[in-house]
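Visitor: Quick one, what's the 3D model for this:
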Amino acid sequence: MKPIDLVKFRGALAAERIEVYTRGRPFPSALFMGYSNGRPYHVVAAFDEANAWVHVITAYAPSLNVFEPDYRTRRK
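Guide: Below you'll find the predicted structure:
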C-alpha cells in the first residue's frame, strides 16, 4: 500500500461506503472510497458509537491488482 498525504486523505473522508465489517473488533468498521484530484482513495475506519469516535485504521490508494477498475469491487 502507498501512503497518502493529508489533503488526499480528506478527499477520501467525503466518500462512499463500499464494504461493511460488522464483526470488526473492538468496533465495527467499514471501507470507504473517495476521489481526490481525480484519483481514487480508500479509508478503513472503525466506529466507537458509545464515545462518538471514529478510528481511522488505514488510508491508501487502491491497486488494480486487488480491485476491479471501478475501485469498489474486489477481484476474485
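Visitor: Please make it C-alpha for all contacts and neighbour counts, starting now.
Guide: Fine.
Visitor: Can you tell me how far Asn51 is from Gly34?
Guide: Taking Cα to Cα, to the nearest Å as the measure, Asn51 falls 26 Å from Gly34.
Visitor: for the helix or strand hosting Phe32, packing partners?
Guide: Counting by DSSP states H and E, the element that carries Phe32 is strand 29-36. With contacts defined as 3 or more Cα pairs under 8 Å, 6 or more residues apart in numbering; DSSP states H and E, strand 29-36 has these neighbours: helix 6-13, strand 16-21, strand 39-48.
Visitor: for the shortest one, what is the average pLDDT?
Guide: Averaged across strand 16-21, the pLDDT comes to 92.
Visitor: now swap in the last one and tell me
Guide: Over the span of strand 39-48, the pLDDT mean works out to 89.
Visitor: try stretch 68-76
Guide: Stretch 68-76 comes out with an average pLDDT of 95.
Visitor: end-to-end on that stretch?
Guide: In terms of Cα to Cα, the two terminal residues of stretch 68-76 are separated by 9 Å.
Visitor: Going by neighbour count, which residues of that stretch are buried?
Guide: Neighbour counts over stretch 68-76 (16 or more other Cα atoms under 10 Å) mark Tyr71, Arg72 as buried.
Visitor: And it, how far out from the chain middle?
Guide: Mean C-alpha position of stretch 68-76 versus that of the full chain (Cα atoms, centre = their mean, to the nearest Å) differs by 14 Å.
Visitor: Just the element for Tyr71, please.
Guide: Going by DSSP H and E, Tyr71 is not in any helix or strand.
Visitor: if I pick the nearest residue to it once chain neighbours are set aside, what's in contact with it?
Guide: Nearest non-adjacent residue to Tyr71, counting by Cα to Cα, 6 or more residues apart in numbering: Pro62, 6.8 Å away. By Cα atoms under 8 Å, 6 or more residues apart in numbering, the contact set of Pro62 is Met1, Pro40, Tyr41, His42, Tyr71.
Visitor: Over to Pro62. Which of the three states is it?
Guide: Using DSSP: H, G, I helix; E, B strand; the rest coil as the criterion, the local structure at Pro62 reads coil.
Visitor: For the closest residue to Trp53 other than its chain neighbours, grab the count of nearby residues.
Guide: Sequence neighbours aside, Phe47 is the residue nearest to Trp53 in space, at 6.2 Å (criterion: Cα to Cα, 6+ apart). For Phe47, the tally of surrounding residues (other Cα atoms under 10 Å) stands at 17.
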